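Participant: build the 3D model from these lines:
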Amino acid sequence: MVYQSPVGARDLLPLDVAQKRWIEDRLHQVFHRWGYHRIITSTLERLDTLMAGGAIDRSTVIQLQEAEEGALGLRPELTASIARAAVTRMAGTTQPLRLYYNANVFRRAEEGSHSRQQEFYQAGVELLGAGGLLADAETLLLVADCLNHLGLNRWSLILGEAGLTRSLLASFPLAVRDRVRWAIAHLDRITLETLPLTPELQEQALLLLDLRGNPAEVLQRVGRLKLDAYQRKALDNLQALVELLTSSDRLSESLPLVLDLSLIRTFDYYTGIVFEVVGQSDSGQQVLGQGGRYDQLLGVYHPQGQSYPGVGFSLQIEQLHQVLLPTGQLPQQTPASDWLVVALEPQAYPAAFAYAQQLRNGDEHLRVELDLGGRSMAEIHDYARHRRLSHIAWIKAAGDVVTEAVPQ
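Facilitator: Have a look, this model is predicted:
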């Protein structure tokens with residue numbers, strides 16, 4: 001029998017881990033510079049927490065057996081867990097809360113999906129307790145800083161407005177509204193053209209599908225629609241955000257922006273801006289991250305239903321890895337050790353351990369290996385060359401040390 005990882009999961013070998021850490025370390029540097037603090041939440045959550053008040057489809061959650069406190073599941077994303085922790089464990093903390101995470105999430109593969117992957121790695125932030133223009137702008141500019149710090153230059157940010165789009169969809173009959181929503185989310189023009197809609201509603205559906213492109217042009221087209229007071233306010237807020245982000249060449253160059261009011265996210269707790277980060281590679285487009293504003297989600301977990309605003313994003317580590325790999329920036333091999341300490345005889349074992357620890361204590365960045373015996377000097381030299389070790393320390397019984405540099 002050949003033992004393999006479960007369907008939908010995979011092992012990360014040392015080089016995979018080194019490349020993953022390269023990405024994560026650079027993201028953490030950016031998060032720290034913007035004043036964010038790391039939070040680690042439980043991998044296991046109660047099912048009602050994971051469903052975020054019905055905003056997350058139960059079918060996407062990998063469920064475990066029933067526990068005394070109810071059904072448990074593996075988190076399909078981090079926002080709901082962080083919202084729960086903020087409300088229950090960080091109540092009374094001065095706001096805004098700037099939190100970041102780096103963790104794995106689990107999502108049941110869709111029926112008929114080409115990818116059976118069920119475990120994913122994400123890094124992202126949540127900005128809690130701050131609404132309005134500046135918080136939205138900070139979030140989008142933080143995304144841009146992350147990608148630019150990774151050295152990516154072929155990407156764009158697709159920006160939408162969940163509340164406005166949802167409101168515009170409300171004019172469609174309930175019987176077909178979900179199908180219209182699905183078709184717009186999947187850019188499926190053929191389905192929209194074949195749905196049982198009046199000519200006026202079909203024209204509106206196709207208009208929503210095409211509200212994508214240069215921000216100024218899209219805003220102008222939406223502004224010509226018959227909008228109610230709520231829709232007009234949402235559009236004005238969106239326009240103010242776009243104007244802020246494009247107000248200087250320095251900002252607009254760091255954030256390649258595309259406005260897309262057909263953008264509809266999978267999770268249904270978003271109330272304001274929503275966005276996706278799309279990267280270009282030789283194999284085509286890839287979604288590198290996504291996020292948005294969720295101003296009612298925290299109220300789901302508050303004992304009195306009290307809510308406060310939130311906005312955040314997640315970046316997909318695997319997709320970032322795929323687009324960065326051809327650039328040559330990622331490590332091409334695992335880090336080599338600096339020293340190999342070899343006891344020449346059993347009586348030298350204590351001195352060998354002591355010398356290896358002395359080297360480690362002298363420089364916390366040194367990698368020091370201990371030879372575990374059973375090899376000739378020629379085999380030890382061959383091992384050192386293959387493993388790219390830079391020095392060997394030969395330890396004699398009396399504790400004397402002879403060092404040599406390993407030719408590469």
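Participant: got any ranges where this structure has weak pLDDT?
Facilitator: Residue ranges of the chain with pLDDT under 70: 1, 53-55, 67-69, 111-115, 266-267.
Participant: now do the SS call for the residue nearest the centre of it.
Facilitator: The centre of the chain sits closest to L315, judged by C-alpha atoms, centre = their mean, with a distance of 2.4 Å. Three-state call for L315 (DSSP: H, G, I helix; E, B strand; the rest coil): strand.
Participant: what does E126 give?
Facilitator: strand.
Participant: show me what the residue nearest to the centre of the chain bridges to in the sheet.
Facilitator: A123, G289 (DSSP bridges).
Participant: my read is that it contacts F120, right?
Facilitator: No. Using C-beta atoms under 8 Å, L315 makes no contact with F120, being 11.0 Å away. All C-beta spots, glycine's among them, are computed from the backbone N, C-alpha and C.
Participant: how near is the residue nearest to the centre of the chain to T79?
Facilitator: To T79, L315 is 13 Å away according to C-beta to C-beta, to the nearest Å.
Participant: still on that earlier bit, quick one: residues contacting the residue nearest to the centre of the chain.
Facilitator: Going by C-beta atoms under 8 Å, 6 or more residues apart in numbering, L315 touches 27, 122-124, 143, 146, 277, 288-289.
Participant: and the nearest residue to A109 once chain neighbours are set aside, how many neighbours does it have?
Facilitator: Excluding the flanking residues, the one nearest A109 by C-beta to C-beta, 6 or more residues apart in numbering is R116, at 5.0 Å. Neighbour count of R116, defined by other C-beta atoms under 10 Å: 11.
Participant: hmm, R116 is touching V7, no?
Facilitator: Yes. Using C-beta under 8 Å, R116 is in contact with V7, at 5.4 Å.
Participant: tell me which residues in stretch 124-132 are buried?
Facilitator: Neighbour-count burial for stretch 124-132 flags 124-131 (criterion: 16 or more other C-beta atoms under 10 Å).
Participant: can I get those in TSV with distance to G213?
Facilitator: Listed next are the buried residues of stretch 124-132 as TSV, based on distance: C-beta to C-beta, whole Å:
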residue	distance to G213
G124	27
V125	28
E126	30
L127	28
L128	32
G129	34
A130	29
G131	27
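Participant: and those, which is closest to T49?
Facilitator: E126 (15.1 Å; C-beta to C-beta).
Participant: can you pull the contacts of that closest one?
Facilitator: 78-79, 82-83, 86, 97, 99-101, 310-312.
Participant: swap in L325?
Facilitator: With C-beta under 8 Å, 6+ apart, L325 has these contacts: Q19.
Participant: how far away is it from E253?
Facilitator: 26 Å.
Participant: and what of D48?
Facilitator: Per C-beta to C-beta, D48 is found 45 Å from E253.
Participant: more crowded one of the two?
Facilitator: Counted by other C-beta under 10 Å, D48 and E253 do not tie: D48 has more neighbours, with 16 against 10.
Participant: my hunch is that that one is in a helix, does that hold up?
Facilitator: Yes. Counting by three-state DSSP, D48 is found in a helix.
Participant: you'd agree it is up against G70?
Facilitator: Yes. Counting by C-beta under 8 Å, D48 touches G70, with 7.0 Å between them.
Participant: anything in contact with each of the two?
Facilitator: If you check D48 and G70 against C-beta under 8 Å, 6+ apart, no residue is contacted by both.
Participant: got the CA coordinates for whichever helix in the chain runs longest in CSV?
Facilitator: If you go by DSSP state H, the chain has its longest helix at helix 14-33. This file holds the C-alpha atoms of helix 14-33, laid out as CSV (Å, rounded to 0.1, in the frame of the first residue of the first chain):
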residue,chain,number,x,y,z
PRO,A,14,11.6,21.9,2.6
LEU,A,15,12.1,24.0,-0.6
ASP,A,16,8.4,24.6,-0.8
VAL,A,17,8.5,25.9,2.8
ALA,A,18,11.5,28.1,2.1
GLN,A,19,9.7,29.7,-0.8
LYS,A,20,6.4,30.1,1.1
ARG,A,21,8.3,31.7,4.0
TRP,A,22,10.0,34.1,1.7
ILE,A,23,6.6,35.4,0.6
GLU,A,24,5.1,35.4,4.1
ASP,A,25,8.1,37.2,5.6
ARG,A,26,7.8,40.0,3.1
LEU,A,27,4.1,40.3,3.7
HIS,A,28,4.6,40.4,7.5
GLN,A,29,7.2,43.2,7.1
VAL,A,30,4.6,45.3,5.3
PHE,A,31,1.9,44.5,7.9
HIS,A,32,4.2,45.6,10.7
ARG,A,33,5.1,48.8,9.0
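Participant: could you point out which element follows that helix?
Facilitator: strand 37-38 (DSSP states H and E).
Participant: packing partners of that next one?
Facilitator: strand 97-106 (3 or more C-beta pairs under 8 Å, 6 or more residues apart in numbering; DSSP states H and E).
Participant: cutoff 10 Å now
Facilitator: Applying 3 or more C-beta pairs under 10 Å, 6 or more residues apart in numbering; DSSP states H and E, we find strand 37-38 packed against helix 14-33, strand 97-106, strand 119-128.
Participant: beyond the last one, next helix or strand please.
Facilitator: Pointing back at strand 119-128 there. Next element after strand 119-128 (DSSP H and E): helix 133-149.
Participant: now M90: how far from A123?
Facilitator: Taken as C-beta to C-beta, the span from M90 to A123 is 20 Å.
Participant: if you count surrounding residues, which of those two has more?
Facilitator: A123 (25 against 15).
Participant: the more buried one contacts V143, doesn't it?
Facilitator: No. With contact defined as C-beta atoms under 10 Å, A123 does not reach V143; the gap is 11.4 Å.
Participant: identify the contacts common to these two.
Facilitator: 30, 289, 313, 315 (C-beta atoms under 10 Å, 6 or more residues apart in numbering).
Participant: what segments of the stretch 51-200 of the chain are strands?
Facilitator: 62-67, 70-74, 97-106, 119-128, 155-161 (DSSP state E, counting those that start in this stretch).
Participant: turn these into CSV, columns for distance to D210.
Facilitator: Output for the strands of the stretch 51-200 of the chain, formatted as CSV (distance: least, C-beta to C-beta, whole Å):
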stretch, distance to D210
strand 62-67, 37
strand 70-74, 38
strand 97-106, 33
strand 119-128, 30
strand 155-161, 13
